[in-house]
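**Q** Got a sequence here, can you build the structure:
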Amino acid sequence: MDTNTIKGNLMNIKGAIQKKWGQITDQDFEAMKGEKDKIVGFVQEKYGEAKESIEETLRSLMDKVKEKKDEFMDDEDDSDDDFEENNG
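**A** Modelled structure (predicted):
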């Protein structure tokens, strides 16, 4: 996974990250530019959590976003089939 993909995924889960670790403000997030290492360091500093635990939480949040995106895309594909059947 390239850096842009990681940053994009982290930006997609920004709300979930802020819900989990409430001390991360929008300004903090902007300063970290969605970089995983900076987020991990911030959480370690503010909350004293282990790096591995933080990384696992971030992976879990990203997996949930990916699952929801995949479900959405599957739903869209089904809608296209319905449209074609009814109008084809």
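
**Q** Just the pLDDT at residue 87, thanks.
**A** On pLDDT, residue 87 comes in at 52.

**Q** which residues does the one residue sitting closest to the centre of the chain contact?
**A** Nearest residue to the geometric centre of the chain (C-alpha atoms, centre = their mean): residue 13, 3.0 Å. Contact partners of residue 13, counting by C-beta atoms under 8 Å, 6 or more residues apart in numbering, are 58, 61-62, 64-65. Glycine gets a C-beta too; all of them are placed from N, C-alpha and C.

**Q** Give the buried subset of these as a ChimeraX selection command.
**A** In ChimeraX syntax, the buried subset of the contacts of residue 13 is picked out as below (16 or more other C-beta atoms under 10 Å):
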select :58,61,62
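
**Q** Of the contacts of residue 13, which is the nearest to residue 28?
**A** Each of the contacts of residue 13 was checked against residue 28 using C-beta to C-beta; the closest is residue 58, at 15.2 Å.

**Q** which element is the closest one on?
**A** Residue 58 belongs to helix 51-87 when assigned by DSSP states H and E.

**Q** same check, this time on residue 15
**A** helix 14-20.

**Q** and what of residue 27?
**A** Secondary structure from DSSP H and E places residue 27 in helix 26-32.

**Q** so what's residue 42 scoring on pLDDT?
**A** 95.

**Q** okay but residue 51 is in contact with residue 44, surely?
**A** Yes. When contacts are counted by C-beta atoms under 8 Å, residue 51 is listed as touching residue 44 (6.3 Å).

**Q** Please enumerate the shared neighbours of those two.
**A** By C-beta under 8 Å, 6+ apart, no residue touches both residue 51 and residue 44.
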